[in-house]
Structure formats: structure tokens, C-alpha cells
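Chemist: Below is the sequence, then the predicted model.
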Amino acid sequence: MLNIHRITNRYLTSYYQTVRCQSFYTSTSINHSDTINNNHNNNSNHNKINDNYSSSHNNSSHQLNNKLITTPIFYVNGTPHIGHLYTSVLGDAIARWNRFCNDKVLYMTGTDEHGQKVQDAAKKAQKDNIVYCDEISGVFRKSFDQFGISYDDYIRTTEQRHKNVVHDMWNKLDGNGLIYKGSYEGWYCVSDEAFLTNDQVQDGMSPVTPQNPVSKPCKLSIESGNPCEWVSESNYMFKLTDFLKPIDNWLSKNPLYPESWNLQARSYLPHLKDLSVSRPSSRLPWGIRVPNDESQSIYVWLDALTNYLTVAGGFKARSADGTDIAWNHTDVTHVIGKDILKFHSIYWPAFLLGTGLKLPHSIVTHAHWTVERVKMSKSRGNVISPFDIAEKYGIEGVRYFLLKGGGLENDGDWSDLEVRSRITADLADTFGNLVTRCTAKALHPSRAWPTCLSQTFAATAQEPNSLRIIEQMQQLVSLVNQHYKCGDIKSGIYEVINFTYATNNFVEQTKPWTLVPKPGKQAGDLMRLNDIMYILLECIRTIALLLSPVIPESSKKTLDHIGVDETHRNINHIQFGYDYPQTLVPMNPLILFKKE
Ligand code: MSP
């Protein structure tokens, strides 16, 4: 803002009026409390920006701030694949953009370690449960670290801080008369850790695995296609049906993004009954025990969903003003895959309502990844490991491809051919090439960065090609902000990349190399060269800032190269008119991406 005003006052009043930058200010830099879903701003706590409080726990001590952004916690029954990585990279990009907009964000991820599925996996691996969990949780964490996932907290459900909050949750629900003793007879799907009724299963054949090489007739979950087993057991029930109306009412305000998922979530409601929230400890020793009843273990989804509250400090952490539980002063955004929609859009809100806690602000739901159009599965042998692709395509290439290719409503498809061609076309040939050629010393013969304070700048900036690209740049910021704030990183990237192509066209139109004086050949036009290069540098700076949640390292390298101060890498400084430093243009060219 300051830059713009200074420049406006000194040189460019008429020019800036022409490009109507005023509309740009209002739509981007001011409006960042207008976040993920403005349909449910009915909650008066949503925009309390300074509601910090301390929550200390056993592996770090951090402040929970006005925004909590979460991934699902990952089952440790196997090592990570690109589906898991995608959820985390998507959440990471959303978290990074919110930080860019000066919001105080706590971004969390972690592992879901109890339940029958994990217990069975540990047994298969012939390892002690906790040894097995330590190992796989560590592998997930390593993959997230490798991909630059900027998590502030990594929770494991086997931690004591979490067990305490799960007990508190149980006791509150019980204290509010919402838990009763019952029995369950029906289907249980271990892969989904879900209780299913007769009309949620169909006849099918069990999958062939190394342990079960012969397929047998069995019941399959209609929703997930996973095999189910018949169980008959006594357990505790939660009065889910008490909450179906309020949840329907909440869903009618579209807290899920994209909007179509709200309809999907509402379609579950008529079929729901009260929910089993425990399983006999004899069957499920690997679970948190029900308070005061050792014979029962808490259902893994009640345990797992509560992790979000654990990270927020449970029922004990207070808001900064001390008037309430901190959770109630926080905007929570859950990022989830479509397969766990019911758990997050119905069960979790019911538990929150049952304990008097605020509902999430938004649930960003994404579709899945297939590989060459086929569902990923161990038995098909087409599971893609994050570690392999990091080595093959580089961290930033993979992040870019996942975020641009993954869908919120439609499945994304991984194919090596497509990964290669996207990295080459968008990153190496378009963004990388633009940066390399426009920051090379050949186009900056004086080795000083260009400035918009030249006498000719206003005139150059009013030429049709210049006006078009500057106007496009200003609209771009506003558009990308709207997409990113909703969690639609993909649409934001499309906008940025289209603009990057347009910037390359601007280079072709203005041919800055023809303005460079060549001894004995051409006189050149250093004033005009400065002006064109200034506009180009502004395009590059804008692109790098807008891609910072997507390819943070390349963005940083670019901004470092052109001397953008670290404290200027946020929404307040994104507008046209940056003052480049007095430092010399580096001698070495900046090469960001290898061609794949
Ligand atoms: N542990 C539960 C979540 C509990 S959250 C309180 C769970 N774990 S999971 O490991 O099976 O899945 C974690 C995330 O990975 C989910 O969002 C899921 O949608 C995502 N993916 C798993 N396979 C996927 C693809 N093939 N494609 C994209 N994402 C997928 O569910």
C-alpha cells in the first residue's frame, strides 16, 4: 500500500487512475478476514484475529491462533502414498496462503494409531503395536518433512496428551446423557473402521492379497468396496440421532467446500442410527479404554476425530480473554478426502455439539488420485511412494503437479508422462524460463535493478501491451486470493500459470533484447529497457509470491535473486510498484527447473 501511494503521489497519478488499481486494493489486501466460507459468518467468534492462547504439550509448545488448519491423521497400517501426500500438500498450501495473508495459523498433521486395522497390521508385521506405530508414524513424518509440509504440530493418537482429551470428551458426552449401554449386531468394515447396516453392504468377493491368495464370497461395503465381517458385540452407543436435525441445519449453510459435498453429506442423514462408540477390549485391545470400564475400548473414530481438539489444547486451554475454551475462538478448517466425509461432516459435528463446542468453519473436501486411471492398491502394485517421486521429479515438481492435477470434485490422475510434460511446459519452459531470461545480466546492462521512477515510465506503462499486462496482474491477485482462500488451490494455479504465459507473450511483444545497446551495432534505448524490465520484474515478483504456497523453494529462490526483502513477502506488499534494492543484478543466472 505504501509503495503505491508513494509512487502514485510522485509520478503516476494519471497512470494509476487508468489501471483502476483501487479495486485491486479492496479485493485483496483488505479483505483477508473474508475467508474460506463466508456463508456461515453467523458465528461471531470467527474473525477474532488476536485470540491467541498457549497450549503446551509433550512435543512442542505453540500458540493456537485464530486459524487451525488440519489434515486427517493417517492410519499407520502401511507407508504413505501420493493420496496421503496430496491431502498434506493441499493443507500446506492453504496454511501457507493464510499465513501470507497475515493470519495466525496453526497447521497440524499426524498419525491415527489405534483400532483394529493398525492392530492387524502390527500383528502381520510381527511387531509390538507401539514399535510398529513408532516406525510407520516416523515414515509419514519423514515424507512430510521431505516435501516441506509446514506443520506446526504432529500429533500421534498414542500420546498421553491425546488420551487425556479423549477421556475428557467421553466424560463430557456421558455427563450430558448422550452415551448408553447397548449392543451391536451388524457388519464391521475393518479397512474403513466403520459399522455398516445390511443396506450398506452387498455381495462380492474378498480381495486377493499375499495373506489371502484365494478370493472368497463375502460382503463388501457399497460405499468403499472394502470387505466386511459380521460382528455381534456389546458396546456403548452414542445418541447420534439427537443431532441429525441441527447438523442438517448446519450443512444447509454450506460449510463444506466445494458446495456439492454438502448435498452428499446431507444425503447420509436419513439413514443414520445411533452410533457404536466402543468395542470390546477383548477384540480391540489396541485402543483407549472407556473411562471406568476396562472391558471396552473407545471406537477408533471417536478417538481419532478428537485429535483436532487435542491439538487445540482440549477442554482446558482457554481463549486469550479467558472467557471460553480456546477451540471456540478458533476458525477450524479441516482438509479431508471424500472417503471420510461422513465422519467429518456428521459424526465429528455431533460430538462437538454434544460437548457444547463450536462447529468447524469449513471442511475442504477433495477427490482421490488414480494411477493411469486405475484405483491405487497394494494388490495391483500401482501404489506410488512419495520417496520415489521426490527422487524422480524433485519436491517442487511433485508439489506443483499434485496441486494442479488433483481435484476437489473430480479424481486426479497420476501418469509419468503427464507429470513430465507439466513440469517441463509450466515450470521449466514457462515460469523458469521467464525468470532466467528476465533476470539475466544481459537485459540489465547497468547491472542495476530497474525502477518505476524513470521519467519515461508513466508513458511506457500506458502503452496498450503494458496496460494489458499490468491490469491482468492486478486482477490476478484478487482472483487467486479468492480461490486460495476457499481451498481451491488448483484454480488459483491455473490463473497464475495463464498469467505466466501472458508475461512470456509480453516479452515477445516488447523484445527487450532489441533495446540493449550493442557496441558497434545498435544504440539501444536504456530508458525504455528499464521500463519494460521493471514491468517484467513486477510480473515475476507477483508470480513468485502467488506460487509461494505451491512451490515455496523456487518462489524463495526467485524472490531472493531479485532482492525482495523477506519482510515484504506477504499480501501487504503484493501490489504493483515495488522498490527493488540497490544491489547489483547477480552474475550467475537463476535456473529453477531441469527439463524433465
Ligand atoms: N485415519 C483416518 C482419518 C482420521 S482423521 C480424524 C484415515 N486415514 S487414511 O490414512 O486412510 O487416509 C488419510 C487421508 O488420505 C484421507 O483424506 C484420504 O482421503 C486420503 N487418501 C487416501 N487414499 C487416497 C487417494 N487415493 N487419493 C487421494 N487421497 C486419498 O482415513
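Modeler: Cool, the structure landed. Numbering: from 1, shown residues only.

Chemist: which regions of the chain sit below the pLDDT cut-off?
Modeler: Low-confidence segments of the chain, defined by pLDDT under 70: 1-65, 210, 595-596.

Chemist: measure the residue of it positioned farthest from its centre to Ile247 for me?
Modeler: Distance from the centre of the chain peaks at Gly520, with 55.2 Å (C-alpha atoms, centre = their mean). Using C-beta to C-beta, to the nearest Å, Gly520 is found at 78 Å from Ile247. C-beta coordinates here come from the backbone N, C-alpha and C atoms, glycine included.

Chemist: gap between the two ends of stretch 275-290?
Modeler: 15 Å (C-alpha to C-alpha, to the nearest Å).

Chemist: I meant stretch 343-352, not that one.
Modeler: One end of stretch 343-352 sits 12 Å from the other (C-alpha to C-alpha).

Chemist: repeat for stretch 518-533
Modeler: Length of stretch 518-533, first residue to last, C-alpha to C-alpha: 17 Å.

Chemist: And stretch 178-198, by the same measure?
Modeler: 25 Å.

Chemist: Domain parsing of the chain, as residue ranges.
Modeler: Under the assignment automatic domain parsing, the domains of the chain span 4-13+416-573, 71-156+367-414.

Chemist: ok, now how distant is the nearest residue to Thr158 once chain neighbours are set aside from Ile535?
Modeler: Nearest non-adjacent residue to Thr158, counting by C-beta to C-beta, 6 or more residues apart in numbering: Glu113, 4.7 Å away. Distance of Glu113 to Ile535, given as C-beta to C-beta: 53 Å.

Chemist: Counting neighbours, go ahead and name the busier of those two.
Modeler: A count of neighbours by other C-beta atoms under 10 Å puts Glu113 above the other of Glu113 and Ile535, at 31 against 25.

Chemist: okay, now the closest residue to Thr510 other than its chain neighbours: neighbour count?
Modeler: Of all residues not flanking Thr510 in the chain, Ile532 sits nearest, at 4.8 Å (C-beta to C-beta, 6+ apart). Neighbour count of Ile532, defined by other C-beta under 10 Å: 26.

Chemist: go on, Ala458?
Modeler: Number of residues near Ala458 (other C-beta under 10 Å) recorded here: 18.

Chemist: So it, which state does it fall into?
Modeler: helix (DSSP: H, G, I helix; E, B strand; the rest coil).

Chemist: just use 52 as the starting number from now, easier for me
Modeler: Done: numbering now begins at 52, and the last item shifts to Ala509.

Chemist: What strand or helix carries Trp352?
Modeler: For Trp352, the host element (DSSP states H and E) is helix 351-356.

Chemist: Does the ligand have contacts with that helix?
Modeler: Yes: Helix 351-356 lies within reach of the ligand by C-beta under 6 Å from any ligand atom, at 355-356.

Chemist: Identify each buried residue in that helix, please.
Modeler: Residues of helix 351-356 classed as buried: 351-356 (neighbour count, 16 or more other C-beta atoms under 10 Å).

Chemist: The ligand versus the residue nearest to Thr561, what's the distance?
Modeler: Distance, Ile583 to the ligand, using C-beta to the nearest ligand atom, to the nearest Å: 44 Å.

Chemist: before we move on, which element is that residue in?
Modeler: Going by DSSP H and E, Ile583 is in helix 577-597.

Chemist: Kindly report the same for Val182.
Modeler: Using DSSP H and E, Val182 maps to helix 180-197.

Chemist: and whatever helix or strand comes next after that helix, anywhere near the ligand?
Modeler: Counting by DSSP H and E, the element after helix 180-197 in chain order, helix or strand, is strand 204-207. No: judged by C-beta under 6 Å from any ligand atom, strand 204-207 stays clear of the ligand, getting no closer than 10.0 Å.

Chemist: Let's see strand 204-207 as CSV, backbone CA atoms only.
Modeler: This file holds the C-alpha atoms of strand 204-207, laid out as CSV (Å, rounded to 0.1, in the frame of the first residue of the first chain):
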residue,chain,number,x,y,z
ASP,A,204,2.1,-29.9,15.3
TYR,A,205,2.5,-33.5,14.5
ILE,A,206,0.1,-35.4,16.7
ARG,A,207,0.0,-39.1,17.4
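
Chemist: Report the central residue of this protein.
Modeler: With distances taken as C-alpha atoms, centre = their mean, Gly142 lies nearest the centre of the chain, 1.6 Å away.

Chemist: one step back: any idea how far the residue nearest to Thr561 is from Pro501?
Modeler: Where Pro501 is concerned, Ile583 sits at a distance of 8 Å (C-beta to C-beta).

Chemist: coming back round to it: quick one: which of the buried residues of helix 351-356 is nearest Ser472?
Modeler: Nearest to Ser472 among the buried residues of helix 351-356, counting by C-beta to C-beta, is Ala355 at 38.4 Å.

Chemist: Leaving out sequence neighbours, find the closest residue to that closest one.
Modeler: Using C-beta to C-beta, 6+ apart, the closest residue to Ala355 is Asp163 (4.6 Å).

Chemist: What residues does the stretch 302-451 of the chain have near the ligand?
Modeler: Contacts of the stretch 302-451 of the chain with the ligand, taken as C-beta under 6 Å from any ligand atom, map to 355-356, 358, 387-388, 390-391, 419-420, 427.

Chemist: give me that answer again for 5 Å
Modeler: Residues of the stretch 302-451 of the chain lying close to the ligand by C-beta under 5 Å from any ligand atom are 355-356, 387-388, 390-391, 419-420, 427.

Chemist: Helices of the stretch 402-551 of the chain, residue ranges please.
Modeler: With DSSP state H, counting those that start in this stretch as the criterion, the stretch 402-551 of the chain has helices at 437-444, 446-456, 467-473, 484-490, 508-512, 515-537, 540-561.

Chemist: most packed of these?
Modeler: Stretch with highest mean neighbour count among those: helix 446-456 (a mean of 23; mean count of other C-beta atoms under 10 Å).

Chemist: For that one, name the packing helices and strands.
Modeler: Counting contacts by 3 or more C-beta pairs under 8 Å, 6 or more residues apart in numbering; DSSP states H and E, helix 446-456 packs against helix 133-151, helix 437-444, strand 463-465, helix 467-473, helix 540-561, helix 603-612.

Chemist: Can you list the residue ranges for helices in the stretch 202-351 of the chain?
Modeler: Using DSSP H, counting those that start in this stretch, helices in the stretch 202-351 of the chain cover 211-226, 295-302, 311-319, 351-356.

Chemist: Could I get these in CSV, plus columns for distance to Tyr239?
Modeler: Formatted as CSV, those follow (distance: least, C-beta to C-beta, whole Å):
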stretch, distance to Tyr239
helix 211-226, 20
helix 295-302, 22
helix 311-319, 18
helix 351-356, 11
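
Chemist: Now do the contacts for Ile124.
Modeler: For Ile124, the contacting residues are 160-163, 206, 208, 355, 358, by C-beta atoms under 8 Å, 6 or more residues apart in numbering.

Chemist: which among those residues end up buried?
Modeler: Neighbour counting by 16+ other C-beta under 10 Å classes 160-163, 206, 208, 355, 358 among these as buried.
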